[in-house]
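**Student:** give me coordinates for this.
(2 chains)
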Amino acid sequence: MITVNAMGDICPIPVVKTKKAMDALPGPDQIEVLVDNETAMRNVMKLAKNSGAQAEQEQLGEREYRVLITVGENEVKSSAPSAAPGAASVPVTVTDAADDLKGMLDCPTCVGTVIAVGSDRMGDGSDELGHILMKSYIFAVTQLDMLPDKMLFYNGGARLTVEGSECLNDLKTLEEHGVELMTCGTCLDYYGIKDKLAVGSVTNMYSIAEILQDAMSVIRP
Amino acid sequence: MSGNTPLSDEIRLTQFAKHGGCAAKIGPDTLSRVLERLPKFSDPSLLVGFETSDDAAVYKVTDDIAVIQTLDFFTPVVDDPYTFGQVAAANALSDVYAMGGEPKIALNIVEFPGELDPDILGEILRGGADKVHEAGAVLVGGHSIQDDVPKYGLAVTGFVHPDKIYKNYGCREGDVLLLTKQIGSGIVNTAVKAQMASEESAREAIRVMTTLNRKAKETARKYSIHACTDVTGFGLLGHCSEMASASGAQIQINVEDVAYMQGAKEYARMGLVPGGAYRNRKHVEPLLDAGDLDEVWLDLLCDPQTSGGLLLAVPEAEAGSILREFAQAEMVTEVSVVGRVEKSGCEKGRICLRK
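**Tutor:** Numbering: from 1, shown residues only, chains lettered A, B, ... in the order given. From the prediction side, this is the model:
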């Protein structure tokens, strides 16, 4: 079974994530989608039923819902991943090569490269130099031929995705090009900057652990 | 349409907004609870206040002139700043048309992040100013503050003859209900955000949202309009239910006769339904008899509209000629007969959906 964690995602992101996971399925399987609001749950149910799959909904907590989608033989379309007729296809962040690799690994929700940023400084030594290096590293990432799939920001790294961060423009460019940016919510709370988040979404340790586990390579600058 | 080139590929205005356009409206249930606690104002010259949830307030100045006052602003629904300005202004001006009046004076209301390129704000305001100009009104100033989420809209003053005000109640048995724009902008905008909308659908939504309700009102002026409102954040059913409740009317909507934006039905089936649609549905449910209709119809009819069309209740005898006139008016939006008033003078309003 595959888990799509769309906790903290607002409409229409949960539907987009679920659709990507369904389209990427190599064979019949079950997909569990976790969301934190009723709108997302109802919309994911619609998506599943509309594509012919079986779907069940369940409320796990006050703000926690689970949709269990059972994709049968007839609904598998990984050979021709596409959006609805006439619609622009869903942008896929991974490259073809990574797609192939994922196919071989038989793990549709696996991600290729993840950059895990645990500090707003790069390397040990001078803090001032560390700041400059991190800023220039994030810029350098925007110039890479092959962008990472996801970037995680935790502990001091959470300071990079909030208002006033010198990296904001570069991070926005990355997000614009499909890199998913996720910042640890506990960390934002700890530093009292949750309302200042200026790019990407908030995530939790469950997702961070899962992403790090599923990644084909993790880079820690 | 001019000036549609985005200033920067980096900036997507809709990313700043959790809820775009009229989908950003506070839900009808919450709103009525809050408004109930406000003190009641009374003044013999106040012809329409907020008690009837109408589109704008109307205040009688002389026997010939009443002033219409309204304010509307929201977060970005589209990425292009000029287009966003046009949509927000067309939406704000619409409340004056929905009361049967002519917009005369407009003021900008602006919230904008300090770190964003001021040229983006310039484009938003240019889009708004162009619409005010098109409406034949004057833009005379405004107020702006810094905020993380961009917001734009207008406070509009309009004039109307006190005897010719369109109210959102007063529809009578036999009236035909016309809608002057196709619906689905909330769903299509959600599909655009998900990057699943076709270009045609996205373009159609923009065309509909930027169109003034001026021509619709001018055409309607020549006929006996029993009730009128513009369809915005509460969706077609939400605004129908306000009309039904306030008029004590039983309204039947023929779901297949309503004009929908292309792709809207398909996107709704895919789960690209904004949260406001579910809130609206909950609000209208006590009045609603939906039979065993497929859920997709409810999603469409409850979809929050941004800068939607006028919903007009016209006597059956005049329906044929007003429709002919709309056909000749070269409307850029689709006019459809959405249903009729089955009964009036009832204690409670009621809406039946039929296929």
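**Student:** which parts of the stretch 151-300 of chain B sit against chain A?
**Tutor:** Taking CB under 8 Å from any CB of the partner chain, the part of the stretch 151-300 of chain B that reaches chain A is made up of B:190-191, B:193-200, B:263, B:266, B:268-275, B:278, B:295. From N, CA and C alone the C-beta is placed, and that goes for glycine too.
**Student:** what's the ChimeraX line that selects buried ones from the residues you listed?
**Tutor:** Listed next is the ChimeraX selection for buried residues among those, using 16 or more other CB atoms under 10 Å in any protein chain shown:
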select /B:190,191,193,194,196,197,198,263,266,268,269,270,271,272,273,274,275,278,295
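**Student:** so which residues of chain A form strands?
**Tutor:** A:2-6, A:29-35, A:54-61, A:64-71, A:113-117, A:150-153, A:180-184, A:201-203, A:217-219 (DSSP state E).
**Student:** ranking those by burial, who's on top?
**Tutor:** A comparison of the strands of chain A by mean neighbour count, using mean count of other CB atoms under 10 Å in any protein chain shown, puts strand A:150-153 on top with a mean of 27.
**Student:** on contacts alone, who are the packing partners of it?
**Tutor:** Packing contacts for strand A:150-153, counted by 3 or more CB pairs under 8 Å, 6 or more residues apart in numbering or on different chains; DSSP states H and E, involve strand A:113-117, strand A:180-184, helix A:205-214.
**Student:** tell me how far the host helix or strand of residue B:205 lies from the chain's centre.
**Tutor:** Residue B:205 belongs to helix B:199-210 when elements are defined using DSSP states H and E. Relative to the centre of its chain, helix B:199-210 is centred 15 Å away, using CA atoms, centre = their mean, to the nearest Å.
**Student:** before we move on, back to that, can you put the strands of chain A in JSON lines and add mean pLDDT?
**Tutor:** Below are those laid out as JSON lines (pLDDT from 0 to 100):
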{"stretch": "strand A:2-6", "mean pLDDT": "93"}
{"stretch": "strand A:29-35", "mean pLDDT": "95"}
{"stretch": "strand A:54-61", "mean pLDDT": "94"}
{"stretch": "strand A:64-71", "mean pLDDT": "95"}
{"stretch": "strand A:113-117", "mean pLDDT": "90"}
{"stretch": "strand A:150-153", "mean pLDDT": "93"}
{"stretch": "strand A:180-184", "mean pLDDT": "92"}
{"stretch": "strand A:201-203", "mean pLDDT": "89"}
{"stretch": "strand A:217-219", "mean pLDDT": "83"}
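**Student:** just send the ones you listed back as JSON lines, with distance to residue B:217 too.
**Tutor:** Shown next, in JSON lines, are the strands of chain A (distance: least, CB to CB, whole Å):
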{"stretch": "strand A:2-6", "distance to residue B:217": "43"}
{"stretch": "strand A:29-35", "distance to residue B:217": "42"}
{"stretch": "strand A:54-61", "distance to residue B:217": "44"}
{"stretch": "strand A:64-71", "distance to residue B:217": "44"}
{"stretch": "strand A:113-117", "distance to residue B:217": "55"}
{"stretch": "strand A:150-153", "distance to residue B:217": "51"}
{"stretch": "strand A:180-184", "distance to residue B:217": "46"}
{"stretch": "strand A:201-203", "distance to residue B:217": "43"}
{"stretch": "strand A:217-219", "distance to residue B:217": "60"}
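**Student:** burial of residue 173, as a residue count?
**Tutor:** Went with chain A since none was named. For residue A:173, the count of nearby residues is 19 (other CB atoms under 10 Å in any protein chain shown).
**Student:** nope, chain B
**Tutor:** For residue B:173, using other CB under 10 Å, the count is 14.
**Student:** wait, residue B:126 sits on residue B:80?
**Tutor:** No - between residue B:126 and residue B:80 there is no contact under CB atoms under 8 Å: 11.6 Å.
**Student:** so, low pLDDT: which residues of chain B?
**Tutor:** Residue ranges of chain B with pLDDT under 70: B:1-10, B:18-25, B:52.
**Student:** could I get the full set of helices for chain A?
**Tutor:** Under the criterion DSSP state H, helices of chain A are mapped to A:13-24, A:38-50, A:96-105, A:127-142, A:168-176, A:185-190, A:205-214.
**Student:** which outside residues touch stretch B:319-328?
**Tutor:** Stretch B:319-328 is contacted from outside by B:176, B:178, B:180, B:216, B:219, B:220, B:222, B:223, B:312, B:314, B:335, B:337, using CB atoms under 8 Å, 6 or more residues apart in numbering or on different chains.
**Student:** 6 Å instead?
**Tutor:** The contact list for stretch B:319-328 (CB atoms under 6 Å, 6 or more residues apart in numbering or on different chains) reads B:176, B:219, B:223, B:314, B:335.
**Student:** now that stretch: buried residues?
**Tutor:** B:319, B:322, B:323, B:326.
**Student:** only C-alpha atoms, please: export that stretch in CSV.
**Tutor:** What follows is stretch B:319-328, C-alpha atoms only, in CSV (Å, rounded to 0.1, in the frame of the first residue of the first chain):
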residue,chain,number,x,y,z
ALA,B,319,-39.5,36.2,-21.1
GLY,B,320,-39.6,35.6,-24.8
SER,B,321,-38.8,39.2,-25.8
ILE,B,322,-36.1,39.7,-23.2
LEU,B,323,-34.4,36.6,-24.4
ARG,B,324,-34.6,37.8,-28.0
GLU,B,325,-33.1,41.1,-26.9
PHE,B,326,-30.2,39.4,-25.1
ALA,B,327,-29.6,37.3,-28.2
GLN,B,328,-29.3,40.5,-30.2
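**Student:** which of the helices of chain A comes out lowest on mean pLDDT?
**Tutor:** The weakest mean pLDDT among those belongs to helix A:96-105, with a mean of 37.
**Student:** could you list the domains of chain A?
**Tutor:** Structurally, chain A divides into domains by automatic domain parsing as follows: A:2-77, A:113-219.
**Student:** nearest to residue B:350, of those?
**Tutor:** In terms of CB to CB, the element of those nearest to residue B:350 is domain A:2-77, at 25.4 Å.
**Student:** closest to the centroid, which residue in the chain?
**Tutor:** Unless you meant another one, I'm taking chain A. Taking CA atoms, centre = their mean, the centroid of chain A lies closest to residue A:180, which sits 5.1 Å from it.
**Student:** to clarify, I was referring to chain B.
**Tutor:** Nearest to chain B centroid, counting by CA atoms, centre = their mean: residue B:232, 2.9 Å.
**Student:** related to what we said a few turns ago, output the helices and strands packed on strand A:150-153 as JSON lines; include the columns distance to chain B.
**Tutor:** Shown next, in JSON lines, are these (distance: least, CB to the nearest CB, whole Å):
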{"stretch": "strand A:113-117", "distance to chain B": "20"}
{"stretch": "strand A:180-184", "distance to chain B": "12"}
{"stretch": "helix A:205-214", "distance to chain B": "20"}
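**Student:** re earlier: secondary structure class for the residue nearest to the centre of chain B?
**Tutor:** coil (DSSP: H, G, I helix; E, B strand; the rest coil).
**Student:** I'd say it and residue B:307 touch.
**Tutor:** No - at 7.2 Å, residue B:232 and residue B:307 do not qualify as touching, with contact defined as CB atoms under 6 Å.
**Student:** reformat the helices of chain A as a markdown table; add distance to residue B:186.
**Tutor:** Listed next are those as a markdown table, based on distance: least, CB to CB, whole Å:
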| stretch | distance to residue B:186 |
| --- | --- |
| helix A:13-24 | 14 |
| helix A:38-50 | 12 |
| helix A:96-105 | 33 |
| helix A:127-142 | 34 |
| helix A:168-176 | 24 |
| helix A:185-190 | 29 |
| helix A:205-214 | 29 |
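**Student:** closest one to chain A out of the buried residues of stretch B:319-328, please.
**Tutor:** Minimum distance to chain A across these is 28.8 Å, recorded for residue B:326 (CB to the nearest CB).
**Student:** ok, then the element right after the strand or helix carrying that closest one?
**Tutor:** Using DSSP H and E, residue B:326 falls within helix B:316-328. Downstream of helix B:316-328, the next assigned helix or strand under DSSP H and E is strand B:336-343.
**Student:** between that next one and helix B:316-328, how many degrees?
**Tutor:** Relative orientation of strand B:336-343 versus helix B:316-328 (axes from the mean of the first three to the mean of the last three CA atoms, to 10 degrees): 170 degrees.
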